[in-house]
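Engineer: Starting from these lines, generate the structure:
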Amino acid sequence: MRVLSGRPDLRCMNTATLGFREPIERTARRVAAAGFGRITPWRQEIDEAHPERAAQAIRAAGLKLGGYCRTDYFAADDAAGARAAIASNRRAVEVAAVLGAPFVVAVVGGLAPNSKNLSACREQILEGLAALVPTLRATGVAIALEPLHPVYTANRSLLNTVEQARRWCERLDPAHEGLFGIAVDAYHVWWDPELEAALGRAAGRVLALHVCDWMRETKDPLLDRGMMGDGVIELGRIRRLVEQGGFGGPVEVEIFSRDVWWKRDPDEVLRTCSARMDTLV
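Structural biologist: Model (predicted):
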C-alpha cells in the first residue's frame, strides 16, 4: 500500500470529524496545519448562494477538495417533494463544481415518510439520481453512492451494500462515463461477508474511502463512531481491497462522535487522526 505519512495529498479530513464547531475558514486552516492536503466539507458549512467564498478560503489554506457532503434524501410522498429533492441535489452538484470537489457524496435516504414500500422508494431514488445526469455531464462532477449500514435502512439509506451500489452504478452509468461511483465507508461495510468479492466486482468504480471505527459496544450507531484503532474494523484490509481494485485516491477520516471526540480540542483530534492513519490505516 502507499505510505500515508508525509503525503498530504493522500490524507483527507471530513469536517464532520471536528463536530461542525467552527467556520469553514478556521477549520480549513486547522486541517492544513495538521498535515492533511484535502478536506471534505458539508453543505451546512457552505453558503451555497455564494460558494466562491468558501472555495477561496479553502484554497488559501492550501487544501484541495476530497468531496462534498451530501445529497438530500430522494424518496418523497408526492411529486412536489421528489422534484424539490432533485433540485436541491442539482444545486449540490453545481456548488461542488465551484468548490473544486470531484464528487458529491450521495446518502440517498430511506423510505418516504409515509411509505413502507421498499421497492417503490428505491425506484424513486434511482429515478432521482438519473435526473442529475445532465448536470453531472455539464459540470464534470460525479456522484459517489455511499452504502450505509442496514441499521439505517428505514430512515437514512435504502442503499446498504457495495454490491448493491455497484449494480446501481451499472444501471445509472452503463457506459462507465464516470458519472457515478462508490464511496466505501469502512464503518458501513465492514460487517459484509461478501465485501471482498463485491469490491473485486466494483473495481474501477470506487471514488472514495472513508475510515473510522465501529466500537464493540456502540452506544449510538449514528453518533458513537470510534477513532481508528479503538474498535473492531480491519481498516488495513479494507484499504488493501479498494486499492487492489484500482482506487488511488486519498484516505478520508469521517468520525461522528458526539460524546467523545466532538468534545475534545480540535487540534488534539487532528493529531490523533494523523497518528492513527500512519500506524493503523
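Engineer: Tell me which other helices or strands the helix or strand encompassing Glu268 touches.
Structural biologist: Here Glu268 sits within helix 266-280, counting by DSSP states H and E. Under the contact criterion of 3 or more Cβ pairs under 8 Å, 6 or more residues apart in numbering; DSSP states H and E, helix 266-280 touches strand 11-14, helix 24-33, strand 251-253. For glycine as for every other residue, the C-beta is placed from the backbone atoms N, C-alpha and C.
Engineer: can you rerun that using 7 Å?
Structural biologist: Helix 266-280 sits against helix 24-33, strand 251-253, with contacts defined as 3 or more Cβ pairs under 7 Å, 6 or more residues apart in numbering; DSSP states H and E.
Engineer: From Glu243, how far out is the closest residue in space to Val162 that isn't next to it in sequence?
Structural biologist: Once flanking residues are discounted, Val162 sits nearest to Ala198: 4.1 Å by Cβ to Cβ, 6 or more residues apart in numbering. Distance of Ala198 to Glu243, given as Cβ to Cβ, to the nearest Å: 15 Å.
Engineer: Between these two, point out the one with more neighbours.
Structural biologist: Taking other Cβ atoms under 10 Å, Ala198 and Glu243 do not tie; Ala198 has more neighbours (22 against 17).
Engineer: ok, and what's touching the helix or strand where the more buried one lies?
Structural biologist: Per DSSP H and E: Ala198 is located in helix 195-201. The set of residues external to helix 195-201 that reach it, using Cβ atoms under 7 Å, 6 or more residues apart in numbering, is 161-163, 166, 189, 192, 241-242, 245.
Engineer: So which bits of that helix are buried?
Structural biologist: Buried residues in helix 195-201, defined by neighbour count with 16 or more other Cβ atoms under 10 Å: 195, 198-199.
Engineer: could I get those residues as CSV with pLDDT?
Structural biologist: Formatted as CSV, those follow (pLDDT from 0 to 100):
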residue, pLDDT
Leu195, 98
Ala198, 98
Leu199, 98
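Engineer: Which one of those is nearest to Gln124?
Structural biologist: Closest to Gln124 out of the buried residues of helix 195-201 is Ala198 (24.2 Å), distances taken as Cβ to Cβ.
Engineer: Restricting to C-alpha, output stretch 212-227 in CSV.
Structural biologist: Written as CSV, here are the backbone C-alpha positions of stretch 212-227 (Å, rounded to 0.1, in the frame of the first residue of the first chain):
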residue,chain,number,x,y,z
CYS,A,212,-13.2,5.4,11.4
ASP,A,213,-14.0,2.5,13.7
TRP,A,214,-17.0,0.6,15.0
MET,A,215,-17.0,0.3,18.8
ARG,A,216,-17.6,-3.2,20.1
GLU,A,217,-20.2,-1.8,22.5
THR,A,218,-21.5,1.1,20.4
LYS,A,219,-23.9,3.3,22.3
ASP,A,220,-25.4,5.0,19.2
PRO,A,221,-24.9,3.8,15.6
LEU,A,222,-25.0,7.3,14.3
LEU,A,223,-23.0,9.4,16.8
ASP,A,224,-20.7,6.9,18.6
ARG,A,225,-18.2,6.2,15.9
GLY,A,226,-14.7,5.3,17.1
MET,A,227,-11.3,6.7,16.4
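Engineer: and Leu132, what is it in contact with?
Structural biologist: Leu132 makes contacts with 89-90, 93, 143, as judged by Cβ under 7 Å, 6+ apart.
Engineer: Can you show me the helices along the stretch 51-200 of the chain?
Structural biologist: 51-60, 79-99, 118-130, 133-139, 162-172, 186-189, 195-201 (DSSP state H, counting those that start in this stretch).
Engineer: Need the winner for burial among the ones you listed.
Structural biologist: The highest average neighbour count among the helices of the stretch 51-200 of the chain, using mean count of other Cβ atoms under 10 Å, belongs to helix 186-189 at a mean of 24.
Engineer: Dump that one to CSV, restricted to CA.
Structural biologist: Below are the C-alpha coordinates for helix 186-189, written out as CSV (Å, rounded to 0.1, in the frame of the first residue of the first chain):
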residue,chain,number,x,y,z
ALA,A,186,-15.5,1.2,6.4
TYR,A,187,-18.0,2.0,9.2
HIS,A,188,-20.9,0.9,7.0
VAL,A,189,-19.4,-2.0,5.1
